[in-house]
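Q: any chance you could fold what I've pasted below:
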Amino acid sequence: MTGEGLEPCTPEPGTYAVDSRDGRVGRVMGCVGPYVQLRPPGGGAEWDCPPESVQPAPPGVVLRARVTEANRKGRWPR
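A: Residues are numbered from 1 along each chain as shown. Now for the predicted structure:
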């Protein structure tokens, strides 16, 4: 995104962020075009979020997201 007059994607992949448009929490997967891609904790479909709507997740939200992912990984296959 450099050279277009836009700020670069700031969240680091692997960190958690909040989509301020609707409050969803997601793990930052990277940037595609002008968007930050977020994936829900524990898996699921990624969604695109404009960089100006991405906020760092507070520590309590990060802890809940990590617990969700750990619980999902700990499930036995059926």
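
Q: strands of this protein, start to end?
A: With strands called from DSSP state E, the chain shows them at 16-19, 25-32, 35-39, 47-49, 54-56.

Q: for those strands, which one sits closest to Thr68?
A: strand 25-32 (9.1 Å; Cβ to Cβ). Where you see a C-beta, it was placed from the backbone N, CA and C, and this is true even at glycine.

Q: tell me which residues of the helix or strand of the chain with the lowest mean pLDDT come out buried.
A: Lowest on mean pLDDT, DSSP states H and E among the helices and strands of the chain sits helix 59-73, with a mean of 92. Within helix 59-73, the residues that count as buried by 16 or more other Cβ atoms under 10 Å are 61-62, 65, 69.

Q: for it, packing partners?
A: In terms of contacts (3 or more Cβ pairs under 8 Å, 6 or more residues apart in numbering; DSSP states H and E), helix 59-73 is packed against strand 16-19, strand 25-32.

Q: now do the last one: distance to the chain's middle.
A: Strand 25-32 sits 4 Å away from the centroid of its parent chain (Cα atoms, centre = their mean, to the nearest Å).

Q: need the mean per-residue confidence for that strand.
A: What strand 25-32 shows for mean pLDDT is 95.

Q: sweet, I'm off.
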